[in-house]
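> Quick one: sequence plus predicted model below, questions after.
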Amino acid sequence: NFAKYVNTGEDRAHLLLHILQDMMRNEAIYQTIRLRQRGRTEDSLGTLEIPLEEFESRARDRRIYDVSEFCQGQDFTDAGYIFDKSRGLITRDPNLDSSL
């Protein structure tokens, strides 16, 4: 298990960023498929949203039990993510870059 090699806060942040990028990529693919089924192009892809609970669950799978500090950190915001605490969502505009 990779989690046993995560020693520092920086390592943890990089792992969480990877998890979140993977989840956002999957969400973008899912939304793109749905748009194509409706005869629309991915140009109309809206803001991507990931429920915080799902992200926390994926982090727990890797033995990271608290993501709150990460969601308020510089790596998180630098990557273009926004934490909507009131709705319990992590959001990102898919048009920020093509890394998704």
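Arrived safely, thanks for sending.
> contacts and neighbour counts: CA atoms only from here.
Will do.
> Identify, among the helices and strands of the protein, the element with the weakest mean pLDDT.
Every helix and strand in the chain was compared by mean pLDDT, DSSP states H and E; the lowest is helix 9-37, with a mean of 92.
> ok, residue 52 touching residue 88?
Yes: the pair residue 52 and residue 88 passes the contact test of Cα atoms under 8 Å, sitting 5.4 Å apart.
> Looking at the two, which has the bigger crowd around it?
Taking neighbours as other Cα atoms under 10 Å, residue 52 and residue 88 compare with residue 52 leading, 20 against 13.
> Against residue 89, how distant is the more buried one?
5 Å (Cα to Cα, to the nearest Å).
> quick one, phi psi at the residue of the chain most remote from its centre?
Largest separation from the mean C-alpha position in the chain: residue 39, at 26.7 Å (Cα atoms, centre = their mean). With angles defined as degrees, to the nearest 10, residue 39 sits at phi 80, psi 20.
> Check what pLDDT it gets.
With respect to pLDDT, residue 39 scores 87.
> Tell me how far it lies from residue 16.
34 Å.
> contact partners of stretch 35-47?
28, 31, 32, 91, 92, 93, 94 (Cα atoms under 8 Å, 6 or more residues apart in numbering).
> That one: which residues count as buried?
For stretch 35-47, the buried set under the neighbour-count rule, 16 or more other Cα atoms under 10 Å, comprises 35, 45.
> same thing with stretch 77-92?
81, 82, 83, 89, 90, 91, 92.
> Just send the residues you listed back as TSV, with pLDDT and secondary structure too.
Converted to TSV, the buried residues of stretch 77-92 look like this (pLDDT from 0 to 100; DSSP: H, G, I helix; E, B strand; the rest coil):
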residue	pLDDT	secondary structure
81	97	coil
82	96	strand
83	97	strand
89	97	strand
90	98	strand
91	97	strand
92	94	strand
